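K.L.:
Fold the following, please.
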Amino acid sequence: MTWTMENNQEYHIPVMLKECIDALQIDPNGTYIDVTFGGGGHSRAIFEKLSPQGKLIVFDQDKDARRNAWEAPNFYFVDANFGFLSNHLRLLGIKSVNGIFADLGVSSHQFDEVSRGFSFRGDAELDMRMNQKAELSAKKLVNEYPEDDLYRVFRMYGEVSNTGKLVRTLMDARVSSPINTTGELTAVIEKCAPKHKEHKYFAQVFQAIRIEVNQEMAVLEDFLKQTEAVLDPGGRLVIMSYHSLEDRLVKNHMKRGSLTGEITKDFFGNVLKPFTEIVRHPIVADEAELERNSRARSAKLRIAVRDGK
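P.N.:
As a prediction, the model looks like this:
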């Protein structure tokens with residue numbers, strides 16, 4: 001398929017495009033990975049800086065993203081979850097790379113395509129699966145998860161303040177009738193939402209369900225653990241996150257080489273960590289970009305370089 005910027009803009013407007021590309025410090029002959037291909041906006045910008053000797057490998061488990069890909073001998077599309085990064089690089093015969101990029105946000109296409117069930121703005125079957133072959137859907141979670149698991153999901157991933165009330169309301173509602181659509185779910189949880197803050201509350205609940213359905217935190221942890229072995233010394237790790245749970249993991253990994261933030265030292269007391277942060281504080285979108293793309297508002301960009309010689 002021929003890739004065009006128009007197609008990409010309809011699917012997803014790439015956030016902080018220039019900042020992300022600059023952060024990678026692209027070597028035209030290097031090998032790079034975009035583990036969140038989506039609309040292909042960031043990937044295309046990376047690819048345009050590569051020579052015929054350079055390589056770009058992209059990952060996306062969403063079948064809708066495949067149509068944004070293009071054909072080239074040095075471009076590889078991996079139809080898989082990026083939690084399996086190392087396995088797929090091994091299959092491609094690639095031992096290490098010069099840079100890894102990840103945009104952890106849900107694409108505009110997934111939110112705007114009402115039938116995917118990601119958004120409370122509309123009414124469609126509860127789905128939220130990025131991999132549409134996956135067994136667990138939002139509908140199954142809402143209707144079948146036991147009370148303790150629902151509490152864990154909304155408390156941990158949505159940081160919902162009245163989690164107990166929300167869980168009881170959901171469980172009472174599903175006894176009377178299954179909750180099958182986004183509209184039905186919104187009508188149920190509206191009873192728990194604080195006045196004048198309904199949209200924020202809906203967003204928290206839908207985010208929590210989406211994270212659990214797609215196992216986003218577990219996948220991110222698996223991915224981060226693999227970056228040390230995959231990146232060449234001097235290689236760049238560039239990650240954009242959109243909520244505090246993701247950002248905390250990314251920050252800990254880059255700053256201390258540990259997902260929990262624990263510091264590991266050698267016998268002589270030297271801190272052992274595989275990365276050095278390039279920026280101490282995350283980069284955020286400027287006002288001009290926020291005017292063009294409001295979904296960039298919560299984005300935080302962190303950059304690190306792989307240590308070693």
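K.L.:
how does the protein divide into domains?
P.N.:
5-108+216-306, 135-213 (automatic domain parsing).
K.L.:
distance between the first one and the chain's centre?
P.N.:
I take that to be domain 5-108+216-306. Relative to its parent chain, domain 5-108+216-306 has a centroid offset of 10 Å by CA atoms, centre = their mean, to the nearest Å.
K.L.:
now swap in stretch 154-161 and tell me
P.N.:
Between the centre of stretch 154-161 and the centre of its chain there are 18 Å (CA atoms, centre = their mean).
K.L.:
Check stretch 138-155 too.
P.N.:
What separates the centre of stretch 138-155 from the centre of its chain is 21 Å, taken as CA atoms, centre = their mean.
K.L.:
Kindly report the same for stretch 177-191.
P.N.:
26 Å.
K.L.:
Pull out the buried positions in that stretch.
P.N.:
For stretch 177-191, a neighbour-count test (16 or more other CB atoms under 10 Å) marks 179, 181-182, 184-186, 188-189 as buried. (Each C-beta comes from the backbone N, C-alpha and C, glycine too.)
K.L.:
TSV for these, including distance to Leu85?
P.N.:
Listed next are the buried residues of stretch 177-191 as TSV, based on distance: CB to CB, whole Å:
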residue	distance to Leu85
Ile179	35
Thr181	35
Thr182	32
Glu184	37
Leu185	33
Thr186	36
Val188	38
Ile189	35
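K.L.:
Which of these lies at the shortest distance from Glu19?
P.N.:
Glu19 has its nearest neighbour among these in Thr182, at 33.2 Å by CB to CB.
K.L.:
Mind pulling up the pLDDT for the closest one?
P.N.:
As summarised for this prediction, Thr182 has a pLDDT of 94.
K.L.:
and what of Gln9?
P.N.:
Per-residue pLDDT puts Gln9 at 50.
K.L.:
List the contacts of the residue nearest the centre of the chain.
P.N.:
Closest to where the C-alpha atoms of the chain average out (CA atoms, centre = their mean) is Leu104, at 2.2 Å. Contact analysis of Leu104 by CB atoms under 8 Å, 6 or more residues apart in numbering lists 36, 216, 220, 239-242, 246.
K.L.:
if you set the cut-off to 6 Å instead, what comes out?
P.N.:
Neighbouring residues of Leu104 by CB atoms under 6 Å, 6 or more residues apart in numbering: 241, 246.
K.L.:
ok, it to Glu212 distance?
P.N.:
In this view, Leu104 and Glu212 are 16 Å apart by CB to CB, to the nearest Å.
K.L.:
What score does the nearest residue to Gly183 once chain neighbours are set aside have for pLDDT?
P.N.:
Once flanking residues are discounted, Gly183 sits nearest to Asp123: 3.3 Å by CB to CB, 6 or more residues apart in numbering. Looking at Asp123, its pLDDT stands at 84.
K.L.:
okay, now Asp123: neighbour count?
P.N.:
14 (other CB atoms under 10 Å).
K.L.:
Quick check: the farthest pair among the buried residues of stretch 177-191?
P.N.:
Thr181 and Ile189, at 12.8 Å, using CB to CB across the buried residues of stretch 177-191.
K.L.:
Please enumerate the strands of the stretch 51-200 of the chain.
P.N.:
55-59, 75-78, 97-103 (DSSP state E, counting those that start in this stretch).
K.L.:
Out of those strands, which is closest to Cys20?
P.N.:
Closest to Cys20 of the strands of the stretch 51-200 of the chain is strand 97-103 (CB to CB; 6.3 Å).
K.L.:
Just the C-alphas of that closest one, formatted as PDB.
P.N.:
Extracted in PDB, the C-alpha atoms of strand 97-103 (Å, rounded to 0.1, in the frame of the first residue of the first chain):
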ATOM      1  CA  VAL A  97      19.500  -1.700  17.400                       C
ATOM      2  CA  ASN A  98      20.500   1.900  17.500                       C
ATOM      3  CA  GLY A  99      17.200   3.300  18.800                       C
ATOM      4  CA  ILE A 100      13.800   2.300  20.200                       C
ATOM      5  CA  PHE A 101      10.700   4.500  20.100                       C
ATOM      6  CA  ALA A 102       7.400   4.000  21.800                       C
ATOM      7  CA  ASP A 103       4.200   6.100  21.900                       C
END
